[in-house]
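> got a sequence here, can you model it:
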Amino acid sequence: MRVIICEDDHAQKNRLHKEIMDYANFHEPSIEVVLCTSQPDEVLAYLEQHQADCYFLDIELNHELNGMELAMEIRKKDPIATIIFITTHADYLKLTFTYKLAALDFIVKETTEQISSEVKEALQVAFKKYKQLGEFDQSARVQLQIGERIQNVNIQDIYYIETSTKPHKLALYEKNGYYEFYGKLIDFEGLDASFYRCHKSYVINLCHVSELNKTERKVTMSNGTVCMVSFRLVRELQRKLAAVSKNS
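Now for the predicted structure:
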């Protein structure tokens with residue numbers, strides 16, 4: 001579960017980061033902080049290229065965008081994102097209804113001990129939601145078991161999957177990263193209508209193919225990497241790519 005922190009108080013930001021990382025290290029290795037900043041602009045810039053799953057947002061940001069407005073921008077990109085607000089004023093709770101924001105939790109900055117406890121409780125609930133999304137929304141996500149970690153990956157973000165150099169492992173490449181895990185390619189052939197096994201070692205997402213070289217039997221993916229194509233599958237791949245292009 002990828003976490004973003006946006007808090008303009010430097011001490012509070014560092015403390016929040018430490019609380020989350022301590023919880024991840026001792027209880028749930030699937031949790032990682034991918035961005036810790038005081039600037040809403042940096043959050044929005046990150047989301048142009050990547051995705052996060054859980055956001056800890058200070059409401060009173062020293063910026064033209066407050067935490068509520070930042071949350072609205074996040075909602076436009078991800079309607080099911082988990083949002084946890086942090087504030088020194090409990091009265092701001094009612095603003096979440098004014099802005100029509102479905103926040104998971106609302107943490108009031110009081111004692112260190114109280115914040116620590118509330119952050120841990122919020123993380124527990126957020127991760128439970130994250131895990132359930134991967135288990136029950138399989139039309140949009142695939143859930144990977146990577147050692148002790150659980151990773152949800154949006155199907156549309158996957159470039160391709162290939163057999164790893166490590167026995168019985170696969171390597172999955174997507175917009176937010178690269179993962180190795182135990183599995184079989186055959187399990188990913190039917191992941192979505194846009195997925196096609198073009199070679200014994202590759203299942204590719206047709207929506208992310210930039211170029212097909214029929215002579216060299218290679219496809220270049222939108223992330224710049226090259227995958228091989230079996231001789232007998234070149235014509236079928238060409239047909240499928242034409243269909244994807246026609247429907248897009």
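> hey, which helix is longest across the protein?
Using DSSP state H, we find that the single longest helix of the chain is helix 112-136.
> can you name every helix or strand that that helix contacts?
With contacts defined as 3 or more CB pairs under 8 Å, 6 or more residues apart in numbering; DSSP states H and E, helix 112-136 has these neighbours: helix 10-26, strand 54-58, strand 82-87, strand 105-108, strand 141-146, strand 149-154. The C-beta positions use only the backbone N, C-alpha and C, and glycine is treated the same way.
> just the element for the residue lying farthest from the centre of the chain, please.
Checked against the mean C-alpha position of the chain, the extreme residue using CA atoms, centre = their mean is T215, at a distance of 36.2 Å. Taking DSSP states H and E as the definition, T215 sits outside all helices and strands.
> if I look at it, how far off is L16?
With distances taken as CB to CB, to the nearest Å, T215 is found 55 Å from L16.
> my guess is L237 is in a helix, correct?
Yes: counting by DSSP: H, G, I helix; E, B strand; the rest coil, one finds L237 located in a helix.
> what about this protein, any weak spots by pLDDT?
Low-confidence segments of the chain, defined by pLDDT under 70: 89-105, 108-115, 137-139, 248.
> domains in it, by residue range?
Following the assignment in automatic domain parsing, the chain carries domains at 2-136, 141-247.
> the shortest one: how far from the chain's middle?
Meaning domain 141-247. When C-alpha coordinates are averaged (CA atoms, centre = their mean, to the nearest Å), domain 141-247 and its chain have centres 18 Å apart.
> if Y173 is in a bridge, with which residues?
In this structure, Y173 bridges to Y160, Y178 when assessed by DSSP bridges.
> quick one: neighbours of it, just the number.
Applying other CB atoms under 10 Å, we find 19 residues neighbouring Y173.
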